[in-house]
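K.L.:
Structure, please.
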Amino acid sequence: MEKIKTALVGFGSVGEKTHAPLISVCEYLDLVAVVERTKEKSKEKYPEISIFRSLEELLEADVADLIVIVTPNHLHFEQAKSCLEKGKHVLVDKPVTLTSKEAEELKNLAESKGVLLSVFQNRRLDGDFKTVQQIIKEGVLGRLVHFESHFDRFRPNLTDNWREKDIPGNGITFDLGTHLIDQAYLLFGNPEWVYADIRSQRTDAISDDYFDITLGYDTIKVKLTATVLSNAPMPKFLLLGELGSYSKYGLDVQEKALKAGELPHGKDWGIEQEAAWGTVFLENTAYKYETHRGDYRLFYTNIAKAIAGTEEPDVKIDEAIAVLKIIEAAFQSNKNGKRIYL
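P.N.:
Predicted coordinates:
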């Protein structure tokens, strides 16, 4: 398979620490260009690439077939639309756009051009989430009645990051909420209703930095929460069933490794130490349940093969649209103080 020429639009923390390394180690992709408005930081690690000062310059040069957009959320729609109109395959960092209507427009445009449009949902490849999928599939806990997913951090000080500024698409709900909702949607499908409490808890915070979102289904309650003011251990996942429970603490190991500058190489990538495994609690016993290997590398391999026509994309744009509709319902619920039925 000939390598697909790939360009990265945006070289902030996520572009530099996550996307660029994953693209660079993918045997089917060739990182040929990066859009950096003022700096040339990407040249330090990838000296062979070309740097462009704008998306327009990149598209005019026509040097890449796959465009990966890792810019602030409010720029995604117009940038993705420009790329699709040029007949480029497009991968957009989550949540793809700010509204489901915009995402639907991009979907129709991609279909009319016959190109790939997908969304970067790497958290589907977290080891703990893959483990949860297996536990549910195996019926370890019997009939599941409660599913709880946390994404808690301790970041009490405000930063200059665009996510904390007064711009559309800011805040923790569009960020971490997109991951948690996507995982829940993958496990349980579309909920009947959404109820949400979304807040700005830190002093002088402009954007939302806390959410508690409940997704209503017939037989199971799904509770999704995130905060930046949790400095005490909280379970990442908590599952309750008729036969027992499962709890898991700690985040997937890959993000920490990428932020530390580690290249995603080798047979030990994404493997969690036994001490961090979650625990299954049954009526008369409890035992550690091995955490599956997490592997974000598989995401870009799938994107390349989807472009080549040998696989379906794992993350489909219809799924991203469904997640956006749940996010829209969450904000509406928070505003109105009641359940929003989908």
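K.L.:
contacts and neighbour counts: CA atoms only from here.
P.N.:
OK.
K.L.:
Tell me which residues touch Val25, please.
P.N.:
264-265, 297 (CA atoms under 8 Å, 6 or more residues apart in numbering).
K.L.:
ok, it to Leu263 distance?
P.N.:
8 Å (CA to CA, to the nearest Å).
K.L.:
With Glu104 instead?
P.N.:
Glu104 is 35 Å from Leu263, where distance means CA to CA.
K.L.:
show me the contacts for the closest residue in space to Ser207 that isn't next to it in sequence.
P.N.:
Spatially, and ignoring its direct neighbours in sequence, Ser207 is nearest to Gly171 (4.7 Å; CA to CA, 6 or more residues apart in numbering). Gly171 makes contact with 163-164, 207-209 under the criterion CA under 8 Å, 6+ apart.
K.L.:
quick one: which of those residues is most hemmed in?
P.N.:
Tallying neighbours with other CA atoms under 10 Å puts Asp209 at the head of those, with 25 neighbours.
K.L.:
close enough to count as contact, that one and Asp175?
P.N.:
No - taking contacts as CA atoms under 8 Å, Asp209 lies outside contact range of Asp175: 9.9 Å.
K.L.:
Okay, strands next: where are they in the stretch 1-150 of the chain?
P.N.:
4-9, 29-35, 50-52, 66-69, 89-93, 117-120, 144-152 (DSSP state E, counting those that start in this stretch).
K.L.:
Let me know which of these is tucked in deepest.
P.N.:
strand 66-69 (a mean of 27; mean count of other CA atoms under 10 Å).
K.L.:
Sheet-wise, list the partners of it with their directions.
P.N.:
Here strand 66-69 has these sheet partners by DSSP bridges: strand 4-9 (parallel), strand 89-93 (parallel).
K.L.:
of all the ones you listed, which lies closest to Pro235?
P.N.:
Pro235 lies closest to strand 89-93 among the strands paired with strand 66-69, at 26.3 Å (CA to CA).
K.L.:
which neighbours do Val25 and Leu263 share?
P.N.:
What both Val25 and Leu263 touch, as defined by CA under 8 Å, 6+ apart, is an empty set.
K.L.:
before we move on, the earlier item: let me have the strands of the stretch 1-150 of the chain in CSV, extended by distance to Thr18 and mean pLDDT.
P.N.:
Listed next are these as CSV, based on distance: least, CA to CA, whole Å; pLDDT from 0 to 100:
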stretch, distance to Thr18, mean pLDDT
strand 4-9, 11, 98
strand 29-35, 13, 98
strand 50-52, 18, 98
strand 66-69, 12, 98
strand 89-93, 11, 98
strand 117-120, 11, 98
strand 144-152, 18, 97
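K.L.:
possible to save those as TSV with distance to Lys335?
P.N.:
Below are these laid out as TSV (distance: least, CA to CA, whole Å):
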stretch	distance to Lys335
strand 4-9	34
strand 29-35	38
strand 50-52	41
strand 66-69	31
strand 89-93	27
strand 117-120	28
strand 144-152	22
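K.L.:
Identify the residues contacting the closest residue to Tyr210 other than its chain neighbours.
P.N.:
Leaving aside its chain neighbours, Tyr210 sits nearest to Thr227 (4.4 Å; criterion: CA to CA, 6+ apart). Residues near Thr227 by CA under 8 Å, 6+ apart: 151-154, 172, 209-211.
K.L.:
sorry, back to before: can you lay out the strands paired with strand 66-69 as CSV showing distance to Asp126?
P.N.:
Shown next, in CSV, are these (distance: least, CA to CA, whole Å):
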stretch, distance to Asp126
strand 4-9, 23
strand 89-93, 16
